[in-house]
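J.: what follows is a protein structure lacking sequence information:
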């Protein structure tokens, strides 16, 4: 999921920054276009961080309402998408705190989806036993991620789950490249530690 | 390449971010080191699983609901949301202040009952030490003056000041391990922040905002004393980043010299600082403990494992699993079992059950085993305390099951101390001075 997934892919499509400018100039439909464009990315982020589809939909709405109020302060120093993801991450964090639940990449993302919508890799190709085993591994990993401190979850989400590169993660989290590397390393070591019992018990 | 470097390089290697030369070096190490090869395989599998986490797409209904919400917001008068927000914030601030005052009063009363801490008692390390050595205090001694001072204490507890020293004192690494200059600030911060936080008077957002303010306050204070505020801010940022994701508060900083180079010593206060108090078994402490954190054992994990193995024959239990090498939270490899000495696992499995003579011999063996441990760890005191635990309780200690231990009447203060979150960061270059980040091994 590259940051610029929606920027300038089609020549006739306005860029994010053009839409922001249009909205600030009074064109309300420009904001609707931004919401439509980024709803999938924001919902996915919230879903993976909060672990629940209905929470993800709520947070997604909150993010765009927040965006409406904050857009005036968007100075274009960062790309719109970077800025939006930063706002979204904060919103997820706040939502989890307010609802007094552990932020969980994995309270069980996946468990509340219709079966067809669950995207296990190689779905349908594995033997049933292999699929079950795979699902078990995924569950263990999700639960382990859920036990991580938020800063670790955040960086694991951005880099290892969503595939942003170091530089993009640094931009979204507004931290240095060095911090990204060291934090990611620590997050992964911690995750590996969380998974140690699982690995030792599994054949 | 050694195991420590290999462990650090695994992530970048799998991300394709390691240089070719280092990559080759790592690959060579992996072919000769089974434990790093295992770590490599597991990390690879873990990253594979993470990259295939389930994703969702908005349904038509969710798309429609979002647009409806957006249109509703767009159609509201522009000032309304801002006004509502301000009103909400004001209401929240008022209620938070009320809760904070109640919590502060409760805390002050509680402190009065359990072990009063005067402003003087926390002002210097020496006095703090004196306080820590107290064994409680007779209850009901609150005087009229103390009652009058209550309101002042509450206000003070809402605005503690981080401590700063800029004398440039030289420390060697051993001295840093015994660093206590931050003790007063940590005690003060516990009463000002962490206790109210457990009572719900301070939210995570408040703590984060306090974190920023305290950082600025320390930097401003450094500037007014001739220190470099930017380098202190950077050092605090480094310490916070090293501490992981928890919201911790910079409570003390000192401009010092280590290895002949100028550095900032930055101490962070955290919720587990309740362990600095003499009686950590009271309910608020347990509430804090249940929030998790990284309390540290005063005793090494390997000693506990040996003890558990030594105790196992009396309990008919299996000795704990042989420990494995694992990275600790600071990325340093810690071998949990130290080589040599006894082989407690064998002792445990070989002990005959139901045979009185053998049991007596086994007990004698156990006493001798304890003596050997005491000699090896040079801690008769600790061994005496550990001897009073049964097998189950030793296992609880190993697992960090503090609540159950406290429920069984075990004084957690005997075995646990709060993590010392002291980082030494060079002013120039910003690197962390090795060994100062993990004085005490975290066990979670």
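T.: That came through fine. What you see is a predicted model, and the numbers here were worked out from it, not measured in a lab.
J.: what about the stretch 51-200 of chain B, any weak spots by pLDDT?
T.: Residues of the stretch 51-200 of chain B meeting the criterion pLDDT under 70: B:76-159, B:178, B:198-199.
J.: give me every residue in it lying close to chain A.
T.: Contacts of the stretch 51-200 of chain B with chain A, taken as C-beta under 8 Å from any C-beta of the partner chain, map to B:51-58, B:62-63, B:65-67, B:69-71, B:73-74, B:81-82. In this view, the C-beta of every residue, glycine as well, is placed from N, C-alpha and C.
J.: now for whichever strand or helix holds residue B:66, which elements pack on it?
T.: Assigned by DSSP states H and E, residue B:66 belongs to helix B:60-75. If contacts are counted by 3 or more C-beta pairs under 8 Å, 6 or more residues apart in numbering or on different chains; DSSP states H and E, helix B:60-75 sits against helix A:28-50, helix A:53-70.
J.: is it possible to get a markdown table of those helices that adds mean neighbour count?
T.: Below are those laid out as a markdown table (neighbours: other C-beta atoms under 10 Å in any protein chain shown):
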| stretch | mean neighbour count |
| --- | --- |
| helix A:28-50 | 22 |
| helix A:53-70 | 21 |
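J.: tell me the centre residue of chain A?
T.: residue A:45 (2.4 Å; C-alpha atoms, centre = their mean).
J.: what about it, distance to chain B?
T.: Distance, residue A:45 to chain B, using C-beta to the nearest C-beta, to the nearest Å: 10 Å.
J.: thought residue A:91 was touching that residue, still the case?
T.: No: using C-beta atoms under 8 Å, residue A:45 is not in contact with residue A:91, being 9.4 Å away.
J.: pLDDT-wise, which helix or strand of chain A ranks last?
T.: helix A:128-146 (a mean of 72; mean pLDDT, DSSP states H and E).
J.: helix or strand next in line after that helix, which one?
T.: Beyond helix A:128-146 in the direction of the C-terminus, DSSP H and E gives the next helix or strand as helix A:150-155.
J.: buried ones in the following helix or strand past that next one?
T.: Sequence order places helix A:166-173 as the next helix or strand after helix A:150-155, per DSSP H and E. By neighbour count with 16 or more other C-beta atoms under 10 Å in any protein chain shown, helix A:166-173 contains the buried residues A:166, A:168, A:169, A:170, A:171, A:172, A:173.
J.: quick one: the strands in the stretch 101-250 of chain B?
T.: Taking DSSP state E, counting those that start in this stretch to define them, one finds strands in the stretch 101-250 of chain B at B:163-171, B:249-258.
J.: out of the ones you listed, which is the most enclosed?
T.: strand B:249-258 (a mean of 24; mean count of other C-beta atoms under 10 Å in any protein chain shown).
J.: packing partners of that strand?
T.: Counting by 3+ C-beta pairs under 8 Å, 6+ apart, strand B:249-258 packs on strand B:163-171, helix B:183-189, helix B:204-224, helix B:229-242, strand B:261-269.
J.: just checking, what packs against the second one?
T.: With contacts taken as 3+ C-beta pairs under 8 Å, 6+ apart, helix B:183-189 sits against helix B:125-132, strand B:249-258, strand B:261-269.
J.: over to the first one?
T.: Taking 3+ C-beta pairs under 8 Å, 6+ apart as the contact definition, the neighbouring helices and strands of strand B:163-171 are helix B:204-224, strand B:249-258.
J.: all good on my end, thank you.
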